[in-house]
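**Student:** Prediction below, plus the sequence it came from.
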Amino acid sequence: MQPVIRIDGQAYPYGVKNVDTDIIIPAHWLKTISREGLGKGAFETVRAVPGNVFDDPAYAGSPLLIAGDNFGCGSSREHAAWALADMGVRAVIAPSYSDIFSGNAIKNGIVPVVLAQDAIDRLLDVARDGQPITVDLETMTVTTSFQDRFGFELDPFRRQCLMEGLDEIGITLARDTAISNYEAQAMQSRPWIAGESRNAGIAVEGAGRT
């Protein structure tokens, strides 16, 4: 996972409330176990409507998505975060999220920024004007070229994971030395963990029967 510290660029001015994971990526795309290629299926039903924001050339490749309240509700499918990441979205800005989606987003390098509705409304206007927006995890702010500045909060551990590019596997690998040292010490003090004591006992018992 790539570290996320600062995201600059245009934003998709979506703003719709209660967007569930089936809208983000329809169920028939879930047959794959790959994280790649799902971007073309993202918001498929929305894209079926002419003039939709996701097919507007003005917003093509935007790294930010401005959404409405309760974004990512519905099922727990991680494919929703995979699809957003595959279409290039690095941060979503909304008033609230489904807890499961928020966790999945962070595990896939997507920042779930929570702002009040009045800030969302302002950012939607900025995005529709084609002006860039910046999400900065160092300062924990969302800013615009019009001097707008909105602070947001994020769990410190999740923020650290995003800034260092760590998912659960990465966190475990970062502690590889400590884990190896613990296992070595455990083998010395409690060899029965690996079955050595049990195996020795079986061997002695078998010898006594001959």
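**Tutor:** Yep, it's here.
**Student:** going forward, measure contacts and count neighbours with C-alpha atoms only.
**Tutor:** Fine.
**Student:** Helices along this protein, start to end?
**Tutor:** For the chain, helices defined by DSSP state H occupy the ranges 21-24, 44-47, 79-86, 99-107, 117-128, 156-164, 168-174, 176-189, 196-209.
**Student:** Centre of the chain to the second one, how far?
**Tutor:** The chain centre lies 22 Å from the centre of helix 44-47; the measure is CA atoms, centre = their mean, to the nearest Å.
**Student:** same question, the fifth one
**Tutor:** Mean C-alpha position of helix 117-128 versus that of the full chain (CA atoms, centre = their mean) differs by 23 Å.
**Student:** got the CA coordinates for that helix in PDB?
**Tutor:** Written as PDB, here are the backbone C-alpha positions of helix 117-128 (Å, rounded to 0.1, in the frame of the first residue of the first chain):
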ATOM      1  CA  GLN A 117     -22.600  19.300   5.700                       C
ATOM      2  CA  ASP A 118     -22.000  23.000   5.300                       C
ATOM      3  CA  ALA A 119     -18.300  22.200   4.500                       C
ATOM      4  CA  ILE A 120     -19.400  19.500   2.000                       C
ATOM      5  CA  ASP A 121     -21.700  22.000   0.300                       C
ATOM      6  CA  ARG A 122     -18.900  24.500  -0.100                       C
ATOM      7  CA  LEU A 123     -16.500  21.800  -1.400                       C
ATOM      8  CA  LEU A 124     -19.100  20.700  -3.900                       C
ATOM      9  CA  ASP A 125     -19.300  24.200  -5.300                       C
ATOM     10  CA  VAL A 126     -15.500  24.400  -5.500                       C
ATOM     11  CA  ALA A 127     -15.400  21.000  -7.300                       C
ATOM     12  CA  ARG A 128     -18.100  22.100  -9.800                       C
END
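**Student:** Give the other helices and strands that that helix contacts.
**Tutor:** strand 11-13, strand 64-66, strand 91-94, strand 133-136 (3 or more CA pairs under 8 Å, 6 or more residues apart in numbering; DSSP states H and E).
**Student:** what about 7 Å?
**Tutor:** Contacts defined by 3 or more CA pairs under 7 Å, 6 or more residues apart in numbering; DSSP states H and E place helix 117-128 against strand 11-13.
**Student:** okay, now the domains of the protein?
**Tutor:** Following automatic domain parsing, one finds the domains of the chain at 6-166, 175-209.
**Student:** Could you identify which of those domains is most buried?
**Tutor:** Greatest average neighbour count among these goes to domain 6-166 (a mean of 18), per mean count of other CA atoms under 10 Å.
**Student:** per-residue confidence averaged over stretch 41-53?
**Tutor:** Averaged across stretch 41-53, pLDDT comes to 97.
**Student:** on that earlier part again, so which of the helices of the chain comes closest to Gly9?
**Tutor:** helix 117-128 (9.5 Å; CA to CA).
**Student:** Put together a markdown table for the helices of the chain, with distance to Ile33 on each row.
**Tutor:** Formatted as a markdown table, the helices of the chain follow (distance: least, CA to CA, whole Å):
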| stretch | distance to Ile33 |
| --- | --- |
| helix 21-24 | 16 |
| helix 44-47 | 19 |
| helix 79-86 | 9 |
| helix 99-107 | 15 |
| helix 117-128 | 33 |
| helix 156-164 | 23 |
| helix 168-174 | 17 |
| helix 176-189 | 27 |
| helix 196-209 | 39 |
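**Student:** That's all I had, so thanks and see you.
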